[in-house]
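# Got a predicted structure here, sequence first:
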Amino acid sequence: MHGVPATFVESIEVDERHEGKPVWQGAVKIFELNGHPSGAKRAYAWSYLTGVGTKRRFMAVLGLPPVDGPVMAVRASILADEQVKRN
């Protein structure tokens, strides 16, 4: 998704909750990046069902501060989605 060579590293299960309630649960794939113009060395990717039939949404977040791992990638994505909804 980010236009540079990537190598799969591993998949990590993330269970993100807010006030004890699940916000997002699933596997986040970690990729090593080679030559991204931002300087990012990692990317975190996952998909989820949109609720419209069998359509999926695919997400990919670069490993740039403050994103330092799969949990922070999911949190950053959730926050970005919430900001879009508010505007």
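Alright, I've got the coordinates.
# Quick check: which helices or strands does the helix or strand hosting E82 pack against?
For E82, the host element (DSSP states H and E) is helix 70-86. Packing contacts for helix 70-86, counted by 3 or more C-beta pairs under 8 Å, 6 or more residues apart in numbering; DSSP states H and E, involve strand 6-18, strand 21-33, strand 42-49, strand 56-62. C-beta coordinates here come from the backbone N, C-alpha and C atoms, glycine included.
# ranking the ones you listed by burial, who's on top?
strand 42-49 (a mean of 18; mean count of other C-beta atoms under 10 Å).
# Tabulate the CA atom coordinates of it in CSV.
C-alpha atoms of strand 42-49 as CSV (Å, rounded to 0.1, in the frame of the first residue of the first chain):
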residue,chain,number,x,y,z
ARG,A,42,8.2,-0.8,9.4
ALA,A,43,4.5,-0.8,8.5
TYR,A,44,1.6,-2.4,10.3
ALA,A,45,-1.4,-3.7,8.3
TRP,A,46,-4.7,-5.4,8.9
SER,A,47,-8.2,-5.6,7.5
TYR,A,48,-11.7,-5.8,8.9
LEU,A,49,-15.3,-6.4,7.7
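# Rounded mean pLDDT for that strand, please.
The pLDDT scores in strand 42-49 average 94.
# Kindly report the same for stretch 8-15.
Mean predicted lDDT for stretch 8-15 stands at 97.
# I figured K41 hits L33, correct?
Yes - the pair K41 / L33 is scored as a contact, 5.8 Å apart, by C-beta atoms under 8 Å.
# Name the surrounding residues that touch the helix holding E82.
Identification of contacts with helix 70-86 by C-beta atoms under 8 Å, 6 or more residues apart in numbering yields 12, 14, 16, 23-24, 28, 30, 44, 46, 59, 61, 63, 66-67.
# Which of the residues you listed sits closest to P37?
G63 (14.0 Å; C-beta to C-beta).
# give the contact list for the closest one.
Applying C-beta under 8 Å, 6+ apart, we find G63 in contact with L33, A40, K41, R42, A43, Y44, G69, A73.
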